[in-house]
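Peer 1: Compute the structure for the input listed below.
(4 chains)
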Protein chains: 2
Amino acid sequence: MTDPDPDFDLERFLPYMLNQAAEAVGRGFQAIYRERYGMTRTQWRVMANLGKFGAMTARDICRISHVEKTKVSRAVAALEQAGLLARAPSERDGRVEILSLTDKGQVVFEDLGQHALSYDASLRAQLGAAEADMLHGLLQRLRALVPPATAED
Amino acid sequence: MTDPDPDFDLERFLPYMLNQAAEAVGRGFQAIYRERYGMTRTQWRVMANLGKFGAMTARDICRISHVEKTKVSRAVAALEQAGLLARAPSERDGRVEILSLTDKGQVVFEDLGQHALSYDASLRAQLGAAEADMLHGLLQRLRALVPPATAED
DNA sequence: AATTAATAGTTGCACTTGCAACCAAGTCAA
DNA sequence: TTGACTTGGTTGCAAGTGCAACTATTAATT
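Peer 2: Now for the predicted structure:
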């Protein structure tokens, strides 16, 4: 005889806890790129990738950062509008556009990267270095557990 | 001499990792309440609270589940529409509405609660029991680290 | 009792997102 | 080459969301 609902509790439900923690922590950093540059999270991520890895196509950003292509497409448009990012046609493939940060974009990236580092450092400090590393590992495993959105599109 | 941007890497940035893991894990369970009942995450959460704690006001749900009141308001409207939830005026306070699951809502809650439990169990199994507990503890600490949205509104 | 402030809940608006449909450029096969 | 298929990227539309403004009711001040 299977107990119909043994003891379901949102507070012990991993997806819920994950989401709560992500929202709480995300809000903290969002305030920074939002107030400083009126940026969206996706825009910030696109910049973070271009800043870290240099010029690449939208497609690459999708693959690397696990963001859907339509989100990237719109973020790129907005960043270009704001003069933070430039597009250049590829010579090998007419569909593709090579994306890169403008000088202004580079400056912004460095500023935000700086803030990101210190925000992250503060979180890790409050958590404890060992726990933070463990958390990081667990999060990576979790992400890998569930297949990504549209098959890594 | 402070290094301008020592080594910023999205993949090591806790807010990013948290968000990625939450999205991945969330997608997995979202598929269930979505396909089965066309529900939204907020709607599911409202139901989860009413199912767990019984009748309460929208305000209580806000406090308990850390969801903003406008989200709750709309979720309640939709759930009522779907016949899963009922509102009753309070006798003590004319502003308040006592919310509760209908019989139909109770059935749905039990079904989803069941699925939630097994989804959670599967995640924990894949992670390992000890690691899952540790993760849960870390997530709680993280949530507490950053103050909630609009001061617990 | 009369004002004023606070609280529960809803609504309008602007914006981000997801999904499907779409366009254009490349690839593959016969 | 021609046609079928794939791939990079954009766009239209229907939601979901955040924020500020708003209504209605209750609490506090005087």
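Peer 1: my read: A:R59 touches A:S65, true?
Peer 2: No. Look at A:R59 against A:S65 with C-beta atoms under 8 Å: they stay out of range, at 11.4 Å. Every residue, glycine included, has its C-beta placed from N, CA and C.
Peer 1: Go ahead and confirm A:S73 touches A:T57.
Peer 2: No. With contacts counted by C-beta under 8 Å, A:S73 stays clear of A:T57, the gap being 11.5 Å.
Peer 1: Settle it for me: which of these two has more neighbours?
Peer 2: Neighbour totals were compared for A:S73 and A:T57, and A:T57 leads with 17 against 13 (other C-beta atoms under 10 Å in any protein chain shown).
Peer 1: Can you name the residues bridging to the more buried one?
Peer 2: Beta bridges link A:T57 to A:I98, judged by DSSP bridges.
Peer 1: Check the burial of A:G128 by counting its neighbours.
Peer 2: Neighbour tally, A:G128, other C-beta under 10 Å: 13.
Peer 1: if we can go back for a sec, so which of A:R59 and A:S65 has more stuff around it?
Peer 2: Higher neighbour count among A:R59 and A:S65: A:S65, with 20 against 15, using other C-beta under 10 Å.
Peer 1: Enumerate every residue touching that one.
Peer 2: Applying C-beta atoms under 8 Å, 6 or more residues apart in numbering or on different chains, we find A:S65 in contact with A:R45, A:V46, A:A48, A:N49, B:L10.
Peer 1: Please tell me which one of those counts the most neighbours.
Peer 2: Ranked by neighbour count (other C-beta under 10 Å), these have A:V46 at the top, with 27 neighbours.
Peer 1: so that one is in which element?
Peer 2: A:V46 belongs to helix A:41-53 when assigned by DSSP states H and E.
Peer 1: list the helices and strands that helix packs on?
Peer 2: Secondary-structure packing of helix A:41-53 (3 or more C-beta pairs under 8 Å, 6 or more residues apart in numbering or on different chains; DSSP states H and E): helix A:14-37, helix A:58-65, helix A:69-81, strand A:85-89, strand A:97-101, helix A:103-127.
Peer 1: on that earlier part again, wait, which of the contacts of A:S65 is closest to A:L99?
Peer 2: Nearest to A:L99, judged by C-beta to C-beta, of those is A:V46 at 7.9 Å.
Peer 1: residue contacts, the nearest residue to that closest one once chain neighbours are set aside?
Peer 2: Nearest residue to A:V46 in three dimensions, chain neighbours excluded: A:A75, at 4.7 Å (C-beta to C-beta, 6 or more residues apart in numbering or on different chains). Listed by C-beta under 8 Å, 6+ apart, the contact set of A:A75 reads A:T40, A:T42, A:Q43, A:R45, A:V46.
Peer 1: Would you check which pair of the contacts of A:S65 lies furthest apart?
Peer 2: So, the contacts of A:S65 by C-beta to C-beta: farthest apart are A:V46 and B:L10, at 10.4 Å.
Peer 1: what about the helices and strands packed on helix A:41-53, which gets the closest to DNA strand C?
Peer 2: Nearest to DNA strand C among those is helix A:69-81; the distance by C-beta to the nearest atom of the strand comes to 4.2 Å.
Peer 1: For the closest one, buried residues please.
Peer 2: Buried residues in helix A:69-81, counting neighbours by 16 or more other C-beta atoms under 10 Å in any protein chain shown, are found at A:K71, A:V72, A:A75, A:V76, A:A78, A:L79, A:E80.
Peer 1: where does chain A dip in pLDDT?
Peer 2: Low-confidence segments of chain A (pLDDT under 70): A:1-6, A:147-153.
Peer 1: Skipping its backbone neighbours, what lies nearest the residue most central in space within chain A in space?
Peer 2: In chain A, the centroid-proximal residue (C-alpha atoms, centre = their mean) is A:R45; its distance is 4.5 Å. Using C-beta to C-beta, 6+ apart and skipping residues adjacent in sequence, the residue nearest A:R45 is A:S65, 5.4 Å away.
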